[in-house]
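[1] predicted model and sequence below, questions to follow.
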Amino acid sequence: MLDGLAEDEVRRVIASAHRRRFARHEVLFHEGDPATTLHLVDKGRIAVRVTTPQGDVATVDLVLPGGVVGELALLAPGRRRGATAVAMERTETLSIDETTFSALRRADPTVTDFLVQLLAARVDRLTERLLEALYLPADVRLWRRIVELSEVYGDVVPLTQEDLAGLAGTTRATVNRALRREEKLGTIALGRGRVSVVDRAGLLRRSSS
């Protein structure tokens with residue numbers, strides 16, 4: 001995440017941060033909380049979840065080591081969290097509050113440039129997901145997410161069908177039907193709270209269709 005900063009600025013940002021440790025399933029912050037800090041993910045993985053208009057909870061992103069969560073807290077004072085962040089496993093972050101980050105921005109304008117680049121990358125990612133949602137079938141979106149997750153977790157992706165549904169932008173029922181069909185084709189195997197990739201090449205072909 002800090003690749004866009006000079007080495008001395010990277011050291012300054014890290015020196016200004018506080019190391020936080022979270023247990024598996026521990027919440028970093030809740031949707032609706034005051035947005036006062038960002039978290040640089042050092043170890044572990046964080047699920048970003050939102051409440052749908054129907055009252056369901058959907059996982060919309062998975063933040064990996066080297067990523068950041070909660071950066072919108074730095075844009076303006078008084079903001080509220082738009083999502084809940086939950087540690088998927090034992091996780092360590094470097095947290096920076098808005099006051100500290102404002103001081104860093106005043107000390108060096110390149111920190112502001114870095115924040116703009118970070119947000120631009122986030123917009124690009126959201127645009128890509130929106131185009132997928134508009135023009136790709138739900139099962140293709142699902143295969144793409146599983147392929148991406150297998151690059152992180154390996155052949156066994158330890159996410160629930162609810163998590164996969166949120167990441168693919170569809171319903172759990174749709175995910176369940178698609179996974180059952182795909183299991184019969186032999187590209188994946190289903191387990192409790194996990195999906196095992198058996199034929200990665202086959203799943204890649206399915207995700208590009």
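    Alright, I've got the coordinates.

[2] when you work out contacts or count neighbours from here on, use the C-alpha atoms and nothing else.
    Will do.

[3] for the protein, longest helix please?
    helix 110-135 (DSSP state H).

[4] for the helix or strand just after that helix, name the packing helices and strands.
    Next in sequence after helix 110-135, counting helices and strands by DSSP states H and E, comes helix 138-153. With contacts defined as 3 or more CA pairs under 8 Å, 6 or more residues apart in numbering; DSSP states H and E, helix 138-153 has these neighbours: strand 156-157, helix 161-168, helix 172-185, helix 200-207.

[5] list the buried residues in helix 138-153.
    For helix 138-153, the neighbour count (16 or more other CA atoms under 10 Å) marks 138-147, 149-150 as buried.

[6] chain center to the lowest-mean-pLDDT helix or strand in the chain: distance?
    Here the helix or strand of the chain ranked lowest by mean pLDDT, DSSP states H and E is helix 7-16, holding a mean of 77. Relative to the chain's own centre, helix 7-16 is displaced by 24 Å; criterion: CA atoms, centre = their mean, to the nearest Å.

[7] so where's the chain shaky on pLDDT?
    Residue ranges of the chain with pLDDT under 70: 1-5, 209.

[8] most centrally placed residue in it?
    residue 62 (2.4 Å; CA atoms, centre = their mean).

[9] where does that residue fall, secondary structure wise?
    With DSSP H and E as the test, residue 62 turns up in strand 57-63.

[10] packing partners for the helix or strand following that strand?
    Per DSSP H and E, the first helix or strand lying C-terminal to strand 57-63 is strand 68-69. Judged by 3+ CA pairs under 8 Å, 6+ apart, strand 68-69 is in contact with strand 37-43.

[11] relative to the strand it packs on, what are the paired strands and their orientations?
    strand 68-69 (antiparallel), strand 91-97 (antiparallel) (DSSP bridges).

[12] how far off centre is that strand?
    With CA atoms, centre = their mean, you get 12 Å for strand 37-43.

[13] repeat for stretch 75-89
    12 Å.

[14] name the residues that touch it?
    Outside stretch 75-89, the residues that touch it by CA atoms under 8 Å, 6 or more residues apart in numbering are 22-36, 44-51, 69-70, 73, 98.

[15] tell me the buried residues in it?
    So stretch 75-89, judged by 16+ other CA under 10 Å, has buried residues 81-89.

[16] list the buried residues in stretch 127-140.
    129, 132, 138-140.

[17] so which of these comes closest to residue 184?
    residue 139 (14.7 Å; CA to CA).

[18] distance between the ends of stretch 22-40?
    13 Å (CA to CA, to the nearest Å).

[19] and it, how far out from the chain's middle?
    13 Å.

[20] can you list the residues that contact that stretch?
    So stretch 22-40 is contacted by 1, 50, 65-74, 77-98 (CA under 8 Å, 6+ apart).

[21] hmm, 6 Å instead?
    For stretch 22-40, the surrounding residues in contact (CA atoms under 6 Å, 6 or more residues apart in numbering) are 68-71, 73, 79-91, 93-98.
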